[in-house]
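>>> generate coordinates for the sequence data below:
(chains A and B)
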Amino acid sequence: MPTIVPPYLLDRIAETAGTRYPLAAEAARRALLREPPARLGPSSPGLPLTDAYGLPSALPDAPSTPDRRISDAQGTERLPGRLVRREGERATGDEAVDDAYDGLGDTHRMFDRVFGRDSIDGLGMPLEATVHFGDNYDNAFWDGERMVFGDGDGEIFRGFTDSLSVIGHELSHGITEHTAKLRYQGQSGALNEHVSDAFGALVEQYALGQDAEAATWLIGEGIFTAEVQGRALRSMLEPGTAYDDDVLGRDPQPGHMRDYIETVEDNGGVHLNSGIPNRAFALAARRLGGFAWEHVGRIWFDTLTSGELGEDATFAQFADETVRQAERRFGAQSREAEAVRDGWQQVGVLAEAGQG
Amino acid sequence: MDVFVARSGGLAGIRLTWHVKVDDQPDADDWFVLIEEIPWDDVPAAPAEPDRFTWDIRCEPAEARHPAAGTTDPTAAEPNPAGPKGAEPKATEATLAERQLTGPWRQLVDRVRETTEPQREAPRAPRSR
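Next comes the predicted model:
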């Protein structure tokens, strides 16, 4: 289908207009995805209408049906706060409210359209979020029932709803809680964090129509103020390189098992050691090329929902399960299984048995 | 008496620490009363809340009693029962999920944050190579 707007401009709108002009960005993304797959770059393997297993195509051109509820804590730490926007209601003009609403919609759409999971519980449960939590509150979290977003201090952190990968990250904590239930401590806790980063990144890539090569693999791009020397909170591809700032210091994430950090704080370093599985995931995705949600995304989702993973899973147990799931879905000798195995070997989680 | 507060975890995984020398505060007596109210051994269980902050709170007898130390090394602040002020409380520490940070815990942390600026530090344990 021919488009009037030239593809390069659609590309730019789709990639840069996201938070400020969500409708324009969405329209551009849909237009782009109607174009022949060759337009999305030489590494794209093409866009099958259904995959080998008859699952629906991953094209995000039909809306899903989330049930969103955004509340406003009005600068207090009381939850849930005042309900300010329900599903189908028009934009409020409050940027945090509307960004959260749009981000939850993008997140719901990827899980529904790509993985066939309707909301956090798979049964369409409401997606609840609270914004404007606390006073200069420098964080976003999942409290077991809802996503909670602070406004940041304005000096280091801007608001936490500015990044789609952060919104996807928080909602993915809910999905983990309803599936693999990875215990939030030590290695299983770092895997819980990793799963949220992985799906947070995929939500952003899916919304932007980005393949693994084009993707930034950054988590929380755009939540630092311009004062901070840094691109994002974390880099999945190159852990330890997301920021290096006079005040914040250097991104402390390791990207290999030899640098695993033992600490009692942060639930045993769950936000630090997640760099190791993050890198394995990004390396596998980049090796395969094309849209990451179609291969590594499916493998990781299968792993989460297989029922085979213990709540106290170690990195090695999780890695073994992803390899098993890759072999089940794509075949024992498949390039998908090979790429996943290779990713884990490169970060020192799986031994390089025989030949990698 | 010295109060140390560390905030770890959070989505960003960035650690902040605060340190207040209570003896140097003009309202030191108020601090002592507040610290006395802290139920150190009674931290209720809390559900895990991914990405929420974890708070580590530690009170120690003042460093001034060990003038040679001059550091915040906790081993330098062992209680000294033989000292002239043997009744001074010994070092106490608790780790709380942010949800548990209520009552006197919250009052103490708020007071610490109002009194001093945070330091940003690397995670406590060094990387193993």
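>>> who are the packing partners of the helix or strand harbouring A:A339?
Here A:A339, judged by DSSP states H and E, is contained in helix A:335-346. For helix A:335-346, the elements it packs on are helix A:275-288, helix A:296-305, helix A:315-330, judged by 3 or more CB pairs under 8 Å, 6 or more residues apart in numbering or on different chains; DSSP states H and E. Heads up, the C-betas are built off the backbone N, CA and C, glycines and all.
>>> look up how far B:L11 lies from B:E49.
The spacing between B:E49 and B:L11, counted by CB to CB, to the nearest Å, is 12 Å.
>>> what residues are shared contacts of those two?
Both B:E49 and B:L11 are contacted by A:F141, under the criterion CB atoms under 8 Å, 6 or more residues apart in numbering or on different chains.
>>> quick one, which of those two is more surrounded?
With other CB atoms under 10 Å in any protein chain shown as the criterion, B:E49 and B:L11 differ in neighbour count, and B:L11 comes out ahead with 30 against 20.
>>> measure the more buried one to chain A for me?
5 Å (CB to the nearest CB, to the nearest Å).
>>> wait, what's in contact with the residue lying closest to that residue once chain neighbours are set aside?
Nearest non-adjacent residue to B:L11, counting by CB to CB, 6 or more residues apart in numbering or on different chains: B:D51, 4.5 Å away. By CB under 8 Å, 6+ apart, B:D51 lies in contact with A:139-142, A:169-170, A:173, B:9-11.
>>> cool, A:Q229 as well?
By CB under 8 Å, 6+ apart, A:Q229 lies in contact with A:243-246, A:248.
>>> same check on B:F53?
Residues in contact with B:F53 (CB under 8 Å, 6+ apart) are A:139, B:7-10, B:98.
>>> ranking by neighbours, what's the top pick from those residues?
Of those, with other CB under 10 Å as the count, B:G9 tops at 28 neighbours.
>>> check what pLDDT it gets.
The model reports B:G9 with a pLDDT of 91.
>>> and for B:P47?
At B:P47, pLDDT is 81.
>>> isn't it up against A:E177?
No. Between B:P47 and A:E177 there is no contact under CB atoms under 8 Å: 10.1 Å.
>>> neighbour count for those two, which is higher?
Neighbours were counted for B:P47 and for A:E177 using other CB under 10 Å; A:E177 has more, 19 against 9.
>>> three-state assignment of that one?
Using DSSP: H, G, I helix; E, B strand; the rest coil, the structure places A:E177 in helix.
>>> pretty sure it sits against A:E145.
No. Between A:E177 and A:E145 there is no contact under CB under 8 Å: 9.8 Å.
>>> one step back: just put the helices and strands packed on helix A:335-346 in CSV and tack on mean pLDDT, mean neighbour count and distance to A:A226.
Converted to CSV, the helices and strands packed on helix A:335-346 look like this (pLDDT from 0 to 100; neighbours: other CB atoms under 10 Å in any protein chain shown; distance: least, CB to CB, whole Å):
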stretch, mean pLDDT, mean neighbour count, distance to A:A226
helix A:275-288, 98, 26, 25
helix A:296-305, 98, 24, 32
helix A:315-330, 98, 21, 36
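>>> in chain B, which helix or strand is least confident?
Least confident helix or strand of chain B, by mean pLDDT, DSSP states H and E, is strand B:119-121 with a mean of 81.
>>> what segments of chain B are strands?
Applying DSSP state E to chain B gives strands spanning B:2-9, B:15-21, B:53-60, B:92-97, B:119-121.
>>> okay then, goodbye and thanks.
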